[in-house]
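*Asks:* structure for the following, please:
(one chain, ligands or ions: 2)
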Amino acid sequence: LFGYVGIEAVLEQMRRKTMKAGFEFNIMVVGQSGLGKSTLVNTLFKSKVSRKSCTLNYEEKISKTVQLQSVSHVIEEKGVKMKLTVVDTPGFGDQINNDNCWEPIVNYVNEQYERYLKGYTSTGSGGSQTLASHCCVYFLPATGHWLRPIDVEFMKRLGKIVSIVPVIAKADTLTMEERLEFKQRIRQDLKANGIRVYPQKEYDEDPEDRILNDKIRENIPFAVVGTDKEHQVNGNKVLGRKTKWGIIEVENMAHCEFANLRDLLIRSHLQDLKEVTHNIHYETFRVRRLNESNL
Ligand code: GDP
Ligand code: MG
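*Replies:* Ligands and ions are numbered 1, 2, ... in the order given. Next up, the predicted model:
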């Protein structure tokens with residue numbers, strides 16, 4: 001092959017480097033107690049993203065009422081290692097007076113950016129230098145009504161510093177019509193309140209992205225169901241919730257949208273979430289800090 005340099009071999013080099021180094025992905029879950037956050041985190045780890053894994057834990061109090069619990073699993077598939085860390089925020093929105101309840105979480109995210117800026121390693125989680133959270137999964141109660149003031153206030157503020165993926169919790173408590181209607185109302189409400197959730201139109205990189213992301217935008221928030229139990233269905237083990245009327249299979253797209261959420265976070269948009277976090281949210285923070293220190 002005359003004039004052939006072999007540039008495409010660089011792809012193989014990149015693949016091998018990534019495989020050796022592995023990569024990290026951090027998710028934060030926020031929502032009031034009892035909405036199924038812990039259960040959904042377990043579902044995520046038990047579902048097909050992870051079969052082989054080990055757990056690392058840490059806890060930290062970030063305010064009087066909000067606590068952080070972090071679970072990491074190292075997931076290995078076909079020789080590729082991923083460290084998936086989920087930070088849970090028990091206590092959020094559980095007070096009688098929830099004024100400023102977003103504050104500890106906003107502060108936490110900013111502190112993580114600050115650490116990164118100063119070159120510190122991430123909190124106790126193994127020493128590698130990584131950003132706080134690549135996305136925040138925000139749990140909405142399946143009320144069938146509208147967004148509540150606490151949801152609006154939280155997402156408005158957090159949406160400026162982290163990618164927010166809202167979900168409808170315990171979607172098995174809504175009928176299919178209620179679910180569709182609720183989803184539509186929430187999308188209207190998000191728009192009316194100027195809340196920016198992931199994936200944002202402004203960050204679509206090309207027409208192909210736009211088509212893919214438009215489909216997601218038309219379908220959010222995902223109506224999810226969580227479980228930590230497995231059941232036998234037609235001779236197969238499935239993750240599900242057993243009710244008097246049958247088994248709700250959480251990974252079955254006909255039953256709920258858990259798989260859509262998992263696929264968005266892990267299979268289709270992981271790298272984009274990391275890039276948006278780094279290039280937009282962290283960069284905004286960094287520029288603001290630079291301006292402050294130049295005053
Ligand atoms: P957290 O306080 O947000 O962490 O909520 P938990 O995960 O502890 O769940 C609270 C209760 O809701 C538990 O009894 C769960 O079994 C139940 N639960 C969790 N996910 C679901 C769900 O998707 N549907 C229903 N119906 N119940 C759920
Ligand atoms: Mg919990």
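*Asks:* which pLDDT does the model give Leu1?
*Replies:* Looking at Leu1, its pLDDT is 66.
*Asks:* next: Gly6.
*Replies:* 83.
*Asks:* now do the one 3 residues further on
*Replies:* According to the model's per-residue confidence, Ala9 sits at a pLDDT of 86.
*Asks:* kindly report the same for the one 3 residues further on.
*Replies:* Model confidence at Glu12, expressed as pLDDT, equals 85.
*Asks:* now do Glu178
*Replies:* 96.
*Asks:* find the nearest non-adjacent residue to it, please.
*Replies:* Setting aside the residues directly before and after it, Glu178 is nearest to Gly144 in space (C-beta to C-beta, 6 or more residues apart in numbering), at 5.0 Å. Backbone N, C-alpha and C define where each C-beta goes, glycine included.
*Asks:* so the one you found: helix, strand or coil?
*Replies:* coil (DSSP: H, G, I helix; E, B strand; the rest coil).
*Asks:* gap between it and Val167?
*Replies:* According to C-beta to C-beta, to the nearest Å, Gly144 stands 15 Å off from Val167.
*Asks:* higher neighbour count, the two?
*Replies:* A count of neighbours by other C-beta atoms under 10 Å puts Val167 above the other of Gly144 and Val167, at 25 against 15.
*Asks:* secondary structure class for the more buried one?
*Replies:* Val167 ends up strand, using three-state DSSP.
*Asks:* which residues touch the residue in the stretch 51-200 of the chain positioned nearest to ligand 1?
*Replies:* Taking C-beta to the nearest ligand atom, ligand 1 has its nearest neighbour within the stretch 51-200 of the chain at Lys170, 3.7 Å off. Under the criterion of C-beta atoms under 8 Å, 6 or more residues apart in numbering, the contact list for Lys170 reads 35-36, 141-142, 225-226.
*Asks:* try Ser163
*Replies:* 134-136, 197-199, 273, 276-277, 281.
*Asks:* Three-state assignment for Asn26, please.
*Replies:* Once three-state DSSP is applied, Asn26 turns out strand.
*Asks:* isn't it up against Val87?
*Replies:* Yes. Proximity of Asn26 to Val87 meets the contact threshold set by C-beta atoms under 8 Å, at 6.9 Å.
*Asks:* what sits in contact with each of those two?
*Replies:* Joint contacts of Asn26 and Val87 (C-beta under 8 Å, 6+ apart) are Ser133.
*Asks:* how far out from the middle of the chain is the lengthiest helix in the chain?
*Replies:* Across the chain, the longest stretch assigned as helix under DSSP state H is helix 176-192. Relative to its parent chain, helix 176-192 has a centroid offset of 20 Å by C-alpha atoms, centre = their mean, to the nearest Å.
*Asks:* from the contacts of Ser163, which land in helices?
*Replies:* 273, 276.
*Asks:* which of the contacts of Ser163 fall within strands?
*Replies:* 135-136 (DSSP state E).
*Asks:* CSV for the contacts of Ser163, including pLDDT and neighbour count?
*Replies:* Below are the contacts of Ser163 laid out as CSV (pLDDT from 0 to 100; neighbours: other C-beta atoms under 10 Å):
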residue, pLDDT, neighbour count
His134, 95, 27
Cys135, 96, 23
Cys136, 97, 26
Val197, 97, 20
Tyr198, 96, 25
Pro199, 95, 23
Leu273, 95, 24
Val276, 95, 21
Thr277, 94, 21
His281, 95, 21
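*Asks:* which one of the contacts of Ser163 sits closest to Ile105?
*Replies:* Cys136 (8.1 Å; C-beta to C-beta).
*Asks:* beta-bridge partners for that closest one, please?
*Replies:* When bridges are called by DSSP bridges, Cys136 pairs up with Met28, Ile164.
*Asks:* perfect, that will be all.
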